[in-house]
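*Asks:* Mind looking at a prediction? Sequence and model below.
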Amino acid sequence: MENILNFTRDDLGVWLDNKGIRPFRAGQIFKWIYIRQADEFEQMTDLSKALRKTLADHFLIERLILEKYLVSADGTEKFLHQLVDGQHVESVLIPAKDHFTLCVSSQVGCAQNCQFCLTAKGGLVRNLSVCEIISQVRDARYYLIQKGIDPLKLSNIVFMGMGEPLANYKNLLKALKIITDGDYGLKFATRRVTVSTCGLVPKITQLGLDTDVNLAVSLNATTDKMRSSLMPINNKYSLSQLLEACRTFAMKPRNKITFEYILMKGVNDSKDDALRLVKLLTPIKAKVNLIPFNEHDKSDFSRPSKIEVSDFLQILLDRNLTAITRKSKGDDILAACGQLKAKLIP
C-alpha cells in the first residue's frame, strides 16, 4: 500500500474519479490529513464508511520515525528522522519572535560536493519521496500541537536542509503543491516558501515557470576559478550562465532573489570579492545573505572576524546592494547552515 502523502489533491481527485468516487472528496481527505492531523481513515467521520474502507484498503497515513532530536541554547531544534528503509534525514525548527521556520531536506545526502558543506561528505544516497518531504512539515506542525503551540505559527519553509532540491525536481514540485495548497493542504503562502539551489541552471528557469515560491542561490564566490574550487557544479554551469538564469527568473514584481554568500576567511572575504559581488548582482533583483562560515571539525575553513564581516557588508550597503549578515542558529548542535549530516546523535 502507498502512503497517501505522496498524492497532491489533484492526483487524489483523479484516483477517486477512477474508482467512481466524486473527486471533491479529495479536499475533505486533505483537510483531515493536513489540518486535523488525522492518522487513521476511520477518523474521517464526514466520509461514508464505504469510502473510509476503500481508502484504508489502498493507502497508509504514515509519519516519519523521530529517532532523536537536539535543542540548541538558542531554542533551535534539530530532528533526526528515520525513513522506511532505515536511512536518516534531518530537519531544523528555527524559532523567531512570532513564528517558526522549518528547514527541510530534499535528499538523503547530497551529490554536489560543495567543499564547505558537511552533508556533502557522505555523497548522495537517494532522493526523498514526496511523502518524506511533506512529512517533515506535517510532523513539525504536529509537534507544535503537542507542545500547546498554534501549529500555524510554523509559517515559513526553507528548502535548505540536506540535498539539492532542484536535483529532486519532480518530487519537490509535488511537495510544493501540497505545502502551498491554501484551501485544503498545509496552507503556506508562497511568499513564505524558499527553495535554495547551488545552481542547477535549467531547473532554476523551470522553477520560475512552475511555481511562485522564492528562490535562493548559494553563490559563495565571485570568480569562476574560486567558485569551481568550492562548488563543482560551477564546472557545468558557469557564473555567467547562473546569473543570466537569475536575471531572467520569472517572479512577482516586488520579489528579489536571495544570494547566500558564505564568508570563509582568506578565501572569499576580501574587499575585491565584495566589489566584484556588487558588480555581478547589480543587474539582478537581488538581496544578499552573508553567512560567516559555520565551523565544524570536518573542515579546514574558518570564519572571518566580526570586523571583517562588518567591513564586507558595508561595502555592499555603500553601493546600494540590499544585504544582511545572517545570524546562524543551532551551530552548537550542528544544525546551522552547511552542518547537517544525519548521523545518529550520541
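*Replies:* In hand now; what should we look at?
*Asks:* what residue ranges in the stretch 201-346 of the chain score low on pLDDT?
*Replies:* Within the stretch 201-346 of the chain, the segments meeting pLDDT under 70 span 333-346.
*Asks:* can you pull out the helices in it?
*Replies:* For the stretch 201-346 of the chain, applying DSSP state H, counting those that start in this stretch gives helices covering 201-210, 224-230, 239-247, 271-281, 306-318.
*Asks:* And the second one, what does it pack against?
*Replies:* Applying 3 or more Cβ pairs under 8 Å, 6 or more residues apart in numbering; DSSP states H and E, we find helix 224-230 packed against no helix or strand. The way it works is simple: take the backbone N, C-alpha and C, and place the C-beta from them, glycine included.
*Asks:* how about that helix: buried residues?
*Replies:* 226-228, 230 (16 or more other Cβ atoms under 10 Å).
*Asks:* Next: the last one.
*Replies:* By neighbour count, and taking 16+ other Cβ under 10 Å as the criterion, the buried residues in helix 306-318 are 308-309, 312-313, 315-316.
*Asks:* contact partners of that helix?
*Replies:* Helix 306-318 has contacts (Cβ atoms under 8 Å, 6 or more residues apart in numbering) with 263, 265, 269, 271, 273-275, 277-278, 288, 290, 292, 303-304, 323-325.
*Asks:* from the middle of its chain, how far away would that helix be?
*Replies:* On the basis of Cα atoms, centre = their mean, to the nearest Å, helix 306-318 sits 27 Å off its chain's mean C-alpha point.
*Asks:* Number the residues from 43 up from this point.
*Replies:* Will do, 43 is the new start, and the previous item becomes helix 348-360.
*Asks:* ok and that helix relative to helix 313-323, angle-wise?
*Replies:* Put simply, helix 348-360 runs at 30 degrees to helix 313-323, going by axes from the mean of the first three to the mean of the last three Cα atoms, to 10 degrees.
*Asks:* what does the first one give?
*Replies:* Angular relation of helix 243-252 and helix 313-323 on a 0 to 180 degree scale: 50 degrees, by the same axes, to 10 degrees.
*Asks:* Which strands or helices does helix 243-252 pack on?
*Replies:* helix 211-221, strand 235-239, strand 256-260, helix 281-289.
*Asks:* Contacts for the second one, please.
*Replies:* Contacts with strand 235-239, where a contact means Cβ under 8 Å, 6+ apart, come from 198-202, 206-208, 214, 218, 221-222, 245-246, 249, 253, 255-260, 300, 302.
*Asks:* how about 7 Å then?
*Replies:* 199-202, 206-208, 218, 221-222, 246, 249, 255-260, 300, 302 (Cβ atoms under 7 Å, 6 or more residues apart in numbering).
*Asks:* can you tell me which residues contact the residue nearest to residue 145 when sequence neighbours are not counted?
*Replies:* Excluding the flanking residues, the one nearest residue 145 by Cβ to Cβ, 6 or more residues apart in numbering is residue 134, at 4.0 Å. Residue 134 makes contact with 118, 120, 145, 203, 372, 377, according to Cβ under 7 Å, 6+ apart.
*Asks:* so which strand or helix has residue 134?
*Replies:* strand 130-137 (DSSP states H and E).
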